[in-house]
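1. Build me a model from this:
(one chain, ligands or ions: 1)
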Amino acid sequence: MKRRLYIGTNTKMFQTGREAEEYIRRMDELIDDIRDRLEFFFIPSFTSLERVVRAVGERIRIGAQNMAWEDRGQFTGEVSPLMLEEIGVRFVLIGHSERRHVFGETDIMEAAKIRLAADHGFTALLCIGETAQQKESGLAAQSVLEQLKAAAGELSPEEASERLWIGYEPVWAIGTAGTPASASYAEDMHAVIRSGLVELFGEKGTEIPVLYGGSVNPSNAPEIIERNGIDGLFIGRSAWDPDRFNGIIRDVLPVFERRADR
Ligand code: PGA
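-> Numbering: from 1, shown residues only. Presented below is the predicted three-dimensional model:
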């Protein structure tokens, strides 16, 4: 079976429900002829989820940007997996860099969320990535492996291979202040992460998709996806205009498929 390209976006705190629905309806049209070659996903704000699921949920995988680590409780402001399930969402982003570095989430919290997501049969996109300081101190590999083990190390190989995706997103590469990683740096780090996955989950660790994210744009996307071990792209800003995002997808898809064939 041909491998599919993993590609999608998290819109952070940028789109209202109306904007998110308009955006995803347009993306749904734009990718229609290539959707079976993609694992396409969309991660809008909580308040957009229900209407977006209603609009395109049968055709596009819709995810939440975060989730609580308990089903119920005294957690004002949090959203439970029960609430996500109720509106048809079974895909969740865990440990995005902004959750960790702006809102102070720790590896222990990410681990509890990953456990709960697996218990509910959700697919979790776990983000890991080193800070600039860790990179400069030569601790990039060690730091992503620690994050990976801390958050996902308790999953069984079956749970991990069926329901875990990894987003490698170097903290220094994300957002308006970020500088994109070079393709060769991304390739090296993906190899590190793959070896960590195999160490944790054995053969099953080879099946888990690892996506690159952090200042992906129309000019660097093809050279990143050309690199071995990069199963897809997780894009912020450059994906929020449908035509621009569609352009990226169409540029990288043949590159990915050529690479996957060899
Ligand atoms: P960016 O965001 O593409 O705008 O750098 C990536 C992310 O935060 O996942």
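
2. which residues does Trp165 contact?
-> Tyr6, Thr123, Ala124, Leu125, Leu126, Ile208, Pro209, Val210, Leu211 (C-beta atoms under 8 Å, 6 or more residues apart in numbering). Every C-beta, even on glycine, is put in place using the N, C-alpha and C of the backbone.

3. Just to be sure, it is in a strand?
-> Yes. Assessed by DSSP: H, G, I helix; E, B strand; the rest coil, Trp165 belongs to a strand.

4. Let me have the contacts of Trp165 in JSON lines, adding secondary structure, neighbour count and distance to Ile193 as columns.
-> Below are those laid out as JSON lines (DSSP: H, G, I helix; E, B strand; the rest coil; neighbours: other C-beta atoms under 10 Å; distance: C-beta to C-beta, whole Å):
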{"residue": "Tyr6", "secondary structure": "strand", "neighbour count": "22", "distance to Ile193": "14"}
{"residue": "Thr123", "secondary structure": "strand", "neighbour count": "17", "distance to Ile193": "18"}
{"residue": "Ala124", "secondary structure": "strand", "neighbour count": "29", "distance to Ile193": "15"}
{"residue": "Leu125", "secondary structure": "strand", "neighbour count": "25", "distance to Ile193": "14"}
{"residue": "Leu126", "secondary structure": "strand", "neighbour count": "26", "distance to Ile193": "11"}
{"residue": "Ile208", "secondary structure": "coil", "neighbour count": "23", "distance to Ile193": "9"}
{"residue": "Pro209", "secondary structure": "coil", "neighbour count": "17", "distance to Ile193": "11"}
{"residue": "Val210", "secondary structure": "strand", "neighbour count": "21", "distance to Ile193": "5"}
{"residue": "Leu211", "secondary structure": "strand", "neighbour count": "25", "distance to Ile193": "10"}
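
5. can you give me the mean pLDDT across stretch 216-229?
-> Mean pLDDT, computed over stretch 216-229, is 97.

6. For it, give me every contacting residue.
-> If you take C-beta under 8 Å, 6+ apart as the criterion, stretch 216-229 is touched by 5, 180, 183-184, 186-187, 190-191, 194, 210, 212, 230, 232-238, 244, 247-248, 251-252, 255-256, 259.

7. just those residues that are near the ligand?
-> Among the contacts of stretch 216-229, the residues that sit close to the ligand (C-beta under 6 Å from any ligand atom) are Phe234, Ile235, Gly236, Arg237, Ser238.

8. which of these sit farthest apart?
-> Pairwise distances across those (C-beta to C-beta) peak at 12.0 Å, for the pair Phe234 and Arg237.

9. Which residue of the two possesses the greater neighbour count?
-> Neighbour tally, Phe234 and Arg237, criterion other C-beta atoms under 10 Å: the higher count belongs to Phe234, 26 against 18.
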